[in-house]
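Trainee: The sequence isn't on hand, but the structure is:
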């Protein structure tokens, strides 16, 4: 029997509505935001924090972590894979003899992963570099032996085949100076190596590339006794030749610093410090022209910023933590601020006792200390969202009957939000 047109149109309407609904659910899953933490179940290394992160070609999130024993005396590198909903896919500990720190994770052209850090033996630093696949299987271990103490400070992707590595090396003059080299990932060899020598002790912190392929190095210049330092910025061309050097005047008790650039090559510098009169944390932000001229500065209160990144809409994302007092005890809460290029605050937020995981245990007793958290790195994902990684210190056992006596450990923290800063 021939079906009526009304019936056919009804079937088509239901089918099309169902397809639209599936598309809606798919887009909703892509826009999911939230807070995720990852404990390390190892009894030997119960402390865990994320140092840096990247988005892989398959849209998974790869995170470089550092796990430590309960006294933070022994540490190892840690690799984590997550999907973009925050679901755990893999955790793998990578062995090191005497790991001191970690700084970056790079995706190679062949889709293997390379991580960078430093080992310390008998007060001598040496690079720690490991190459492995997405399952955490080590493909290559690099231990560069040098007569002089050498520390890798930062790594950045230069183009599809090359990365830039900046290091601080103790030379024959017994002065710490900054070096930079271009490294080809396909040939596994250095392309060029440049020494940025100075009569004073200088140390690198961060390296970035602007839109014109100029190289910007952020570092610190020390006094003769190594008791104080000031920020310095080097601008180099794409071949590593110096264009200019700039010193900055900021509070001398600043703790960490970071830089980013806009599409016109303007540099945005931040550093965090505490006000001696009140003990409150602050962050100073300074804009510097492409010619090294100071243009503007502002004070961002109640945030101790660890870093700044440029967003694809022209705004800047600043991340770190805020210092709070709870029942006469000091805690920190992961915090971020989004500003435009005129330093106007567009949004700001921080983790609270109403957020996960505190919402699971703070209500059980007002005497329970909330978690402490800090955002240590951030990237913008290909779908526009922002992913922050860091750490959260929280009780191991969240059972209301056992939480009061539960030991607290560092857990790796991931915070994913939309481009406007919404994560709840």
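Mentor: Looks like it came in fine. Predicted, not measured: the structure shown is a model, and the values here were computed from it.

Trainee: In contact with the spatially most central residue of the chain, which residues?
Mentor: When C-alpha atoms, centre = their mean is applied to the chain, the residue found nearest the centroid is residue 377 (1.6 Å). Shown in contact with residue 377 (C-beta atoms under 8 Å, 6 or more residues apart in numbering): 50, 51, 52, 53, 306, 307, 319, 388, 389, 390. For every residue, glycine as well, the C-beta is placed using N, CA and C.

Trainee: Now, those residues that are in strands?
Mentor: Of these, the ones assigned to strands by DSSP state E are 50, 51, 52, 53, 306, 307, 319, 388, 389, 390.

Trainee: just the helices in the protein please.
Mentor: Counting by DSSP state H, the chain forms helices over residues 5-30, given from the N-terminal end onward.

Trainee: Could you list the low-confidence segments of it?
Mentor: In the predicted model, the chain carries pLDDT under 70 at residues 1-33, 143-145, 363-366.

Trainee: Test my guess that residue 411 contacts residue 394.
Mentor: Yes - contact criterion C-beta atoms under 8 Å: residue 411 and residue 394 qualify, at 6.0 Å.

Trainee: which neighbours do these two share?
Mentor: With contacts taken as C-beta under 8 Å, 6+ apart, residue 411 and residue 394 have residue 37 as neighbours in common.

Trainee: Leaving out chain neighbours, which residue sits closest to residue 50?
Mentor: residue 389 (3.5 Å; C-beta to C-beta, 6 or more residues apart in numbering).

Trainee: Tally up the residues packed near residue 61, please.
Mentor: If you count neighbours by other C-beta atoms under 10 Å, residue 61 ends up with 23.

Trainee: For it, list each beta-bridge partner.
Mentor: Under the criterion DSSP bridges, residue 61 forms beta bridges with residue 55, residue 82.

Trainee: Residue 66 now?
Mentor: Under DSSP bridges, the residues paired with residue 66 across the bridge are residue 49, residue 77.

Trainee: wait, what's in contact with it?
Mentor: Residue 66 makes contact with 48, 49, 51, 75, 76, 77, 78, 99, 101, 102, according to C-beta under 8 Å, 6+ apart.

Trainee: What's the local residue count around the last one?
Mentor: Neighbourhood size, residue 102 [other C-beta under 10 Å]: 25.

Trainee: Apart from its chain neighbours, what residue comes closest to it?
Mentor: In this structure, residue 102 finds its nearest non-sequential neighbour in residue 117, 3.7 Å apart by C-beta to C-beta, 6+ apart.

Trainee: That neighbour and residue 98 touch, don't they?
Mentor: No - Residue 117 lies out of contact with residue 98 (C-beta under 8 Å); the separation is 11.1 Å.

Trainee: Look at these two and report which has more neighbours.
Mentor: Neighbour count, other C-beta under 10 Å: between residue 117 and residue 98, residue 117 has more, with 24 against 13.

Trainee: re earlier: could you export the contacts of residue 66 to TSV, including columns for distance to residue 189?
Mentor: What follows is these, written out as TSV (distance: C-beta to C-beta, whole Å):
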residue	distance to residue 189
48	34
49	33
51	26
75	30
76	28
77	24
78	28
99	25
101	25
102	23
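
Trainee: And the furthest pair within the residues you listed?
Mentor: Among the contacts of residue 66, the pair separated by the greatest distance (C-beta to C-beta) is 48 and 101, at 15.2 Å.

Trainee: Compare these two and say which is more crowded by neighbours.
Mentor: Applying other C-beta under 10 Å to residue 48 and residue 101 shows that residue 48 carries more neighbours, namely 26 against 17.

Trainee: Turn the contacts of residue 377 into JSON lines, columns for neighbour count.
Mentor: Below are these laid out as JSON lines (neighbours: other C-beta atoms under 10 Å):
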{"residue": "50", "neighbour count": "27"}
{"residue": "51", "neighbour count": "23"}
{"residue": "52", "neighbour count": "22"}
{"residue": "53", "neighbour count": "24"}
{"residue": "306", "neighbour count": "24"}
{"residue": "307", "neighbour count": "21"}
{"residue": "319", "neighbour count": "26"}
{"residue": "388", "neighbour count": "27"}
{"residue": "389", "neighbour count": "26"}
{"residue": "390", "neighbour count": "26"}
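
Trainee: okay, those residues in a markdown table with distance to residue 222 next?
Mentor: Listed next are those as a markdown table, based on distance: C-beta to C-beta, whole Å:
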| residue | distance to residue 222 |
| --- | --- |
| 50 | 29 |
| 51 | 24 |
| 52 | 26 |
| 53 | 31 |
| 306 | 21 |
| 307 | 22 |
| 319 | 27 |
| 388 | 31 |
| 389 | 30 |
| 390 | 28 |
